[in-house]
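[1] Provided below are the primary sequence and the corresponding predicted coordinates.
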Amino acid sequence: MNLRRWGALGTAAVSLAGTMIAGGATAAHADTRCDWTWIKINSGAGAEAPSVDRGHSHNTGNHYVQDFIWSSRNGQYIWFWVADNNGGNDGDTKDTQYGQSFCEYPAW
């Protein structure tokens, strides 16, 4: 391969990596940011009893704050987010840990 072709491939790889990093950081931040609204969870057919919780509704699903703690090590609150996994053959799948946020204030 000549030097010009390698240069073009390198530029494309750096561009793609930058897009992946920026896209991932943006998506993760949007789903675990330090604010919430009241959302309905477990609303699918066959799911557990529906309820209302503190979280966000997104194209990727519903995410809600399960709990939060004070971290004296970081000097911030840590909010623990859960994915509301409605779906599957039975209409619901067990909810799973989704991520966490470091926030300046408690979740509630």
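    Received the coordinates, thanks.
[2] what distance do you get for the nearest residue to residue 74 once chain neighbours are set aside to residue 49?
    In space, not counting the residues next to it along the chain, residue 74 is nearest to residue 102; the distance is 5.9 Å by C-beta to C-beta, 6 or more residues apart in numbering. Using the backbone N, CA and C atoms, a C-beta is placed for each residue, glycine as well. Note on residue 102: its distance to residue 49, by C-beta to C-beta, to the nearest Å, is 32 Å.
[3] one more: residue 83?
    Between residue 83 and residue 49 the distance is 18 Å, computed by C-beta to C-beta.
[4] please enumerate the strands of this structure.
    37-41, 51-58, 61-71, 76-84, 96-103 (DSSP state E).
[5] mean neighbour count, those: which tops it?
    Using mean count of other C-beta atoms under 10 Å, the stretch among the strands of the chain with the greatest mean number of neighbours is strand 76-84 (a mean of 20).
[6] other residues contacting it?
    Outside strand 76-84, the residues that touch it by C-beta atoms under 8 Å, 6 or more residues apart in numbering are 31-32, 34, 41-42, 55, 61-71, 95-107.
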